[in-house]
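# Here is my input; please provide its structure:
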Amino acid sequence: MLADKAYDADRLREFIQDQGATPNIPPKSNRKWKPCFSKRLYRERNLIERFFSKLKHFRRVATRYDKLAANFLAMVQLASMRLWLRAYESTA
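Below you'll find the model as predicted:
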């Protein structure tokens, strides 16, 4: 589980581990015991945050006009495909 420094608490780390996941949270600077943390995994978290930011630029997704979950999921998928196509479109 990837999270921000704001979520660096012993009880939260224990809860994540009890659920069967491994917490990857950067330790706060004032922490006496620094748990291990993968910077490489944390950098990849930024890609996901940027994707959700771009996804929210689609008005229909950001305001959730659709009442049914299936319709909302379809719109999210269409918006995701459009973002993917825009990123990989040919420059030739």
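# Around the closest residue to P35 other than its chain neighbours, how many other residues sit close by?
The shortest distance from P35 to any residue other than its chain neighbours is 6.0 Å, reached at P27 (C-beta to C-beta, 6 or more residues apart in numbering). For every residue, glycine as well, the C-beta is placed using N, CA and C. Around P27 there are 14 other residues, counting by other C-beta atoms under 10 Å.
# cool, I48 as well?
Applying other C-beta under 10 Å, we find 10 other residues in the vicinity of I48.
# One more: Y65?
Neighbour tally, Y65, other C-beta under 10 Å: 11.
# Equivalent analysis for R82, please.
For R82, the neighbour count with other C-beta under 10 Å is 13.
# Just to be sure, it is in a helix?
Yes - with DSSP: H, G, I helix; E, B strand; the rest coil as the criterion, R82 is part of a helix.
# any idea how far K54 is from it?
Counting by C-beta to C-beta, to the nearest Å, the separation of R82 from K54 is 10 Å.
# That concludes my questions; thank you for your assistance.
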